[in-house]
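Asker: Kindly generate the corresponding structure for this input.
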Amino acid sequence: MKNIEKLYSQGYSLSIISKLTGMSVNQLEYLVYRQMKLPAKYKNRPKLKDLKPSIMVDVFHKYPTEKIERIIKLTNFGYEPCEISEDQGISTLKIKQIILQAEQMNRIRKII
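Answerer: Sure thing, here's the model as predicted:
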């Protein structure tokens, strides 16, 4: 729940949070709007598209370029984040964040 609140406060949409956490959008809507009541708490949260590009590619700087390129390559060949996680020794959540940011940079072009 703390991760959801953190991502929401940073401007991530529910669909993006859904991809990062593996929860459905319906579950997130219930949590965010009914249980946690986050819109009232974060009225002036930033929109992700308004953030500087350096903030959006933050995960890329945490790992070596070779690892990032391999993750992008495996994603383009149709591997699932959990499979890439096992291959690279990085948590599935981080893999999903890297894939999401690569998609925002138009680096994901699925071959298969």
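Asker: make it CA atoms for all contacts and neighbour counts henceforth
Answerer: Fine.
Asker: okay, now I84: neighbour count?
Answerer: 20 (other CA atoms under 10 Å).
Asker: secondary structure class for the most centrally placed residue in the chain?
Answerer: Closest residue to the average C-alpha location of the chain: Q97 at 3.5 Å, with CA atoms, centre = their mean. Look at Q97: counting by DSSP: H, G, I helix; E, B strand; the rest coil, its state is helix.
Asker: Nearest residue to it in space, ignoring adjacent ones along the chain?
Answerer: Spatially, and ignoring its direct neighbours in sequence, Q97 is nearest to L20 (6.3 Å; CA to CA, 6 or more residues apart in numbering).
Asker: quick one: contacts for the one you found?
Answerer: Going by CA atoms under 8 Å, 6 or more residues apart in numbering, L20 touches L93, K96, Q97.
Asker: Can I get the strand or helix carrying it in PDB, CA atoms only?
Answerer: Per DSSP states H and E, L20 falls inside helix 14-21. Taking Å, rounded to 0.1, in the frame of the first residue of the first chain, the C-alpha atoms of helix 14-21 are listed here in PDB:
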ATOM      1  CA  LEU A  14      -3.500   4.000 -12.200                       C
ATOM      2  CA  SER A  15      -2.800   2.000 -15.400                       C
ATOM      3  CA  ILE A  16       1.000   2.500 -15.000                       C
ATOM      4  CA  ILE A  17       0.700   1.600 -11.300                       C
ATOM      5  CA  SER A  18      -1.200  -1.500 -12.400                       C
ATOM      6  CA  LYS A  19       1.700  -2.500 -14.600                       C
ATOM      7  CA  LEU A  20       4.200  -1.900 -11.900                       C
ATOM      8  CA  THR A  21       2.400  -3.700  -9.100                       C
END
